[in-house]
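Q: I need the structure of the sequence given here:
(one chain, ligands or ions: 1)
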Amino acid sequence: MLCSCKQACMNKAHELLTSFKARFGTGASVYRAPGRVNLIGEHTDYNDGYVLPAAIGFSCWVGIAPRDDHKLVLYSKNFGEAREAYLNQLGVRGVGHWADYPLGVAWALQEAGYRLRGANIYIAGDVPVGAGLSSSAAIEVSTGYALLSLLTAAQAIDRTKLALLCQRAENEYVGMRCGIMDQFVSCQGQAGHALFLDCRSLEYRALKLPPQVRLVICNTMVKHKLQAGEYNVRRAECEEAVRKLASALPGTRSLRDVTMEQLMQHRGLLSDTLYRRSRHVITENERVKEVADAFETGRMERLREVMAASHRSLRDDYEVSCRELDAMVEIAGRQQGVYGARMTGGGFGGCTINFVDVEHAVEFQRRVAAEYESTIGLRPDIYICEASQGAELAEAMAENLPKVTH
Ligand code: GLA
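A: Residues are numbered from 1 along each chain as shown. Sure thing, here's the model as predicted:
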């Protein structure tokens with residue numbers, strides 16, 4: 001299927017083709033995969049819970065053409081740097097470089113049995129890096145999709161399998177123990193919809209976003225160093241809570257299996273910290289269902305309190321917010337036409353997500369930017385977004401391709 005974002009997408013694809021040709025001297029096929037914003041369900045994915053993300057208009061773009069050797073030659077426009085590696089010498093671990101993401105995906109695909117072909121790959125992304133909008137999932141999925149497209153027709157690509165392999169690349173090759181949410185929505189996102197995803201079964205349904213609502217993303221412009229380390233610590237805490245609770249509740253595999261009543265009943269098994277971490281996950285799962293229900297029934301007035309409760313829970317129980325995120329949410333809450341606001345993504349900086357009435361979105365953008373700047377002293381980027389399509393072909397293979405010998 002050809003890209004849904006029409007003109008802007010075609011322009012980007014042509015730009016990429018021109019750059020590809022200038023660098024590698026041939027035509028290419030161009031694929032894109034989007035970043036994401038999570039509407040609700042934070043730190044629930046690696047607890048087998050529910051999430052409600054949407055793919056957004058920022059994407060990573062990949063031009064690819066096959067080579068007749070077994071080498072991947074990568075060029076990143078964002079980093080202005082080239083890297084190459086033989087497919088049989090990828091190692092099992094990255095080296096802390098941007099190329100870990102595409103090479104990690106090639107590694108994971110090969111581990112899963114795909115016999116990849118050598119390729120020239122040109123990568124250019126416009127997902128803000130370090131803002132919690134999943135620039136990493138976008139680069140993983142776009143390269144994975146492009147590499148697979150050299151082997152098989154795009155329609156034959158199993159998107160859920162690709163998402164799982166991209167997650168494996170990030171977990172094992174890059175070393176970040178992320179859940180499945182980002183890669184999944186980058187693969188399966190649908191224009192105009194959020195995905196209600198059960199991270200245990202990977203069943204999902206697409207929820208149409210109400211036409212009067214805009215997704216407004218406010219970037220605090222800060223990224224605290226704690227981010228990566230604390231993420232893995234939170235994950236380990238949840239696993240420890242499960243081990244302790246399972247001693248009283250046999251069959252418990254993850255916090256998904258525990259109810260609030262059970263948590264309260266067995267509170268004595270947990271330290272105060274583990275109790276609060278668990279309470280966040282259990283209550284957040286319920287909030288995902290409430291937001292999905294509000295969208296489906298059009299009862300938008302319920303969103304405000306649910307979103308506020310999610311933010312409080314992330315701030316006080318899960319302890320992943322920060323001064324800038326709290327200020328952004330507080331400022332947003334005072335504006336007209338806001339249905340709900342909270343931090344989004346892993347935390348410790350990055351962005352907030354705001355549901356804003358279409359009539360008020362531009363004014364919201366202006367006022368929040370001014371108030372945040374006067375409170376925090378940084379000028380925020382504020383994006384009025386629409387939910388976009390997941391990974392797709394943007395431009396089919398063009399002329400001048402190298403002849404591939406097998
Ligand atoms: C990061 C991870 C996701 C998810 C969120 C928190 O974005 O990549 O898997 O855990 O944090 O909800």
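
Q: helix/strand/coil for the nearest residue to Leu378 once chain neighbours are set aside?
A: Nearest residue to Leu378 in three dimensions, chain neighbours excluded: Met221, at 4.7 Å (C-beta to C-beta, 6 or more residues apart in numbering). C-beta here means a position set from N, CA and C on the backbone, and glycine is covered the same way. Look at Met221: counting by DSSP: H, G, I helix; E, B strand; the rest coil, its state is strand.

Q: burial measure for Met221, as a count.
A: Other residues lying near Met221 total 20 when counted by other C-beta atoms under 10 Å.

Q: am I right that it is in contact with Ile382?
A: No: if you go by C-beta atoms under 8 Å, Met221 and Ile382 don't touch, sitting 10.6 Å apart.

Q: most centrally placed residue in the chain?
A: For the chain, the residue nearest the mean C-alpha position is Asp182 (3.0 Å; C-alpha atoms, centre = their mean).

Q: OK, contacts around that one?
A: For Asp182, the contact set (C-beta atoms under 8 Å, 6 or more residues apart in numbering) comprises 36, 53, 134, 136-137.

Q: and the pLDDT for it?
A: Looking at Asp182, its pLDDT stands at 98.

Q: that one and Leu274, how far apart?
A: 26 Å (C-beta to C-beta, to the nearest Å).

Q: picking that back up, now intersect the contacts of Asp182 with the strands, please.
A: The strands, defined by DSSP state E, take in 36, 53 from those.

Q: buried ones in the helix or strand hosting the residue nearest to the centre of the chain, by neighbour count?
A: Using DSSP states H and E, Asp182 maps to helix 181-188. For helix 181-188, the neighbour count (16 or more other C-beta atoms under 10 Å) marks 181-188 as buried.

Q: can you tell if the next helix or strand after that helix touches the ligand?
A: Sequence-wise, the next helix or strand downstream of helix 181-188 (DSSP H and E) is strand 193-198. No: legend: contact between strand 193-198 and the ligand by C-beta under 6 Å from any ligand atom is lacking; minimum distance shown is 11.1 Å.

Q: and strand 193-198, which strands flank it?
A: According to DSSP bridges, strand 193-198 forms sheet pairs with strand 50-51 (antiparallel), strand 204-208 (antiparallel).

Q: quick one: mean pLDDT for the shortest one?
A: Yep, that's strand 50-51 we're talking about. 98.

Q: before we move on, what about the longest one?
A: Here strand 204-208 scores 98 as its mean pLDDT.
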